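Q: pasting the structure only:
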């Protein structure tokens, strides 16, 4: 330091200073490899793509077509679908990811095992979007016996509206008729009577577990008794008759109806028998309600054409929530504690502290997360290819995928492909401007 | 003197009662219990998909297609390593794994070398237009690589780089550079000025300063960058899919099997799991650098 004249820090090289040229040369040499790569692989191709987007579809150059390729962007249905889907992505993902990240970061702030939790949430960031697609495709299988998401849905739905004991069955004799999803025994019943509800067309694996040999309970004068059973045995049997080798159907809810109004209900026992006691004189019908035959829930078609984009969004949020959490947690830890404490001492509620102090102080960090996510979402590609089955990829299309499909998916329409790429580029230009402005502001400080 | 509190909590000076009664501690724990439960459930939810992939990868295709993977807990005898065994005898998969490693390591090395050279120049060498170059690099940060696919496809065709590992490596290297230069330049610029100045006064050449001072001091940033670049290219699909045909990294190889998702699940699931084991190891081994790189890239 003592040799240098006492100018302010970082003196600019004065012209004529010895070694200036050698320093310039050093700078040029240090930068040369980077320049070569950046120029050949990014700058030259970007300029080429912009020019190429005004030329015809085929070959490397084609003929001048003006803005036809750009018009196609907004008139071809596959491309408009891609743009619409990407709009949904931009509207949903950045906000959701930031919200998840904020909640996770706040919740873990005072938790002792926060490192373990953060690691688990952050884990998907290391996995490729492609492998994530495969992973979630297994989760999203429609059959609730195979796909975990629908299995969870089925478990929840099973609590609210349990599936019926029998999902498929048909009357075995003409005296039992179908009515409103359930079954009714037409034969009128009186106290002391017997109701025989024979059912067939029940596959063996759908016979309720615990079923025993069917039996008819003894008749009593003030009761109506009966049996609901699988009126079928190997070799046939006589329809309408409870025979040896035929199974009772337990757990079926049988209703006793008077003039179409339910007056009593009973559940069948293991041998299929049921009884209504204390029945007054009159004419009744026995019926099995529709709920007994309610089919088990088949699951949502997460990988079907209408749900594929929501499915993709969920998986993508699963990947990136960890990113938001880590960035926001870093922002939180850098926050001046005394400001928060001061607000609390002044009697602000936790919600007020969050709304009026935490969020405003975190705002720069939240913006960074939001902007990063907008860029990521505009470029989303791999996960669509691996999660969406081929049959619904046109429904799941996004801009980056449309660009690739148009250019390399067999059609090799380089004109339209270039136009899509330029469109994508135009969408990120505001972010470029934002980044440069932020850099300049920081440099001035 | 607040030996009882965790070091993180010491910043908030709530004078601790001399003897925290057991009841008070239990009460505090109960008050926090909902948060613990919510976090535990969320953590479990977040783990389920990866766990599902792993268990599915251990099931025969017929079982995986007809039964949910979680039911295997009822009959664990179904689990088998045979899918992995078959995969490690599958030459296509082995080659894909090797190709992935070449691409990821190769381009990471290039990005580190080229990026740190440029980062040093932009941080510590004075020359006209330096700030403009930096602005240009920041502008390149978010250029979508789709802008380069078509022209490079043509160029690679002409120069014989199509379907080569080198072609894929160089493409990744170029698109990794803006971030690399930005990250390293910022880190290098924060290094103590006096050390560099005195080295220059001692007559050390720039290349010597770079090798002996900048690289060792910049190691944390270089490590962050290396991990990022490695993971980014290990996980890539689009570049290899465009510029490779027989040169297939693991993602592209699995992509080729996806058409028969149901029947090939005994190949797809274990191969996907293998493809994410390496990133997971890297992530766990260098988690700190990974997070630092993330923060440097986004917050600064």
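A: Ah, there it is. Keep in mind it's a predicted model, so treat the numbers as computed, not measured.
Q: now the host helix or strand of residue A:328: mean pLDDT?
A: If you go by DSSP states H and E, residue A:328 is part of helix A:308-333. Mean pLDDT, helix A:308-333: 93.
Q: Wondering if it reaches chain B at all.
A: Yes: counting by CB under 8 Å from any CB of the partner chain, contacts between helix A:308-333 and chain B involve A:318, A:323, A:326-327, A:330-331. Every residue, glycine included, has its C-beta placed from N, CA and C.
Q: Need phi/psi at residue A:143.
A: When quoted as degrees, to the nearest 10, the phi and psi of residue A:143 stand at phi -60, psi 120.
Q: Can you tell me how far the residue lying closest to it once chain neighbours are set aside is from residue B:64?
A: Leaving aside its chain neighbours, residue A:143 sits nearest to residue A:299 (6.2 Å; criterion: CB to CB, 6 or more residues apart in numbering or on different chains). Distance of residue A:299 to residue B:64, given as CB to CB, to the nearest Å: 17 Å.
Q: out of those two, which sits in the more crowded spot?
A: Per other CB atoms under 10 Å in any protein chain shown, whichever of residue A:299 and residue B:64 has more neighbours is residue B:64, with 26 against 20.
Q: secondary structure element for the more buried one?
A: For residue B:64, the host element (DSSP H and E) is helix B:61-66.
Q: Mean confidence (pLDDT) on that helix, please.
A: 86.
Q: In the stretch 251-400 of chain A, what residue lies closest to chain B?
A: Per CB to the nearest CB, residue A:382 is where the stretch 251-400 of chain A lies closest to chain B, at 4.3 Å.
Q: these two touch, right, that residue and residue A:133?
A: Yes: at 6.8 Å, residue A:382 and residue A:133 qualify as touching, with contact defined as CB atoms under 8 Å.
Q: Identify the contacts common to those two.
A: When contacts are counted by CB atoms under 8 Å, 6 or more residues apart in numbering or on different chains, residue A:382 and residue A:133 have no shared neighbour.
Q: nearest residue to residue B:283 other than its sequence neighbours?
A: Closest to residue B:283 by CB to CB, 6+ apart is residue A:126, at 3.8 Å.
Q: and the end-to-end length of stretch B:187-206?
A: In stretch B:187-206, first residue to last residue: 18 Å (CA to CA, to the nearest Å).
Q: sorry, that was for stretch A:160-173
A: For stretch A:160-173, the first-to-last residue distance is 34 Å (CA to CA).
Q: follow-up on the earlier one: after the helix holding residue B:64, heading C-terminal, what element do we hit next?
A: Going down the chain from helix B:61-66, the next helix or strand is helix B:82-87, by DSSP H and E.
Q: which residue sits closest to the most centrally placed residue in chain A, ignoring its sequence neighbours?
A: For chain A, residue A:311 is the residue whose C-alpha lies nearest the centre (CA atoms, centre = their mean; 3.0 Å). In space, and not counting its chain neighbours, residue A:311 is closest to residue A:302: 4.5 Å by CB to CB, 6+ apart.
Q: which strands and helices sit next to the helix holding residue B:64?
A: Applying 3 or more CB pairs under 8 Å, 6 or more residues apart in numbering or on different chains; DSSP states H and E, one finds that helix B:61-66 contacts helix B:265-285.
Q: The helix it packs on: how far from the chain's middle?
A: 13 Å (CA atoms, centre = their mean, to the nearest Å).
Q: Can you list the buried residues in it?
A: Buried positions in helix B:265-285, judged by neighbour count with 16 or more other CB atoms under 10 Å in any protein chain shown: B:265-276, B:278-279, B:282-283.
Q: next one: stretch B:198-208
A: Neighbour-count burial for stretch B:198-208 [16+ other CB under 10 Å]: B:199, B:204, B:206.
Q: Just to check, the first one is in contact with residue B:214?
A: Right, the one you point to is residue B:199. No: using CB under 8 Å, residue B:199 makes no contact with residue B:214, being 10.0 Å away.
Q: contacts for stretch A:54-73?
A: A:52-53, A:79, A:83, A:412-416, A:418-420, A:423, B:154.
Q: Which pair of these spans the longest distance?
A: Pairwise distances across the contacts of stretch A:54-73 peak at 26.5 Å for A:83 and B:154 (criterion: CB to CB).
Q: Could you say which helix or strand holds residue B:50?
A: Element membership for residue B:50, per DSSP H and E: helix B:22-57.
Q: Same check on residue A:110?
A: According to DSSP H and E, residue A:110 maps onto no helix or strand at all.
Q: How about the residues of the stretch 51-200 of chain A by chain B?
A: With CB under 8 Å from any CB as the criterion, the stretch 51-200 of chain A meets chain B at residues A:52, A:60, A:104, A:107-108, A:110-112, A:116-117, A:119-132, A:134-139, A:145-148, A:151.
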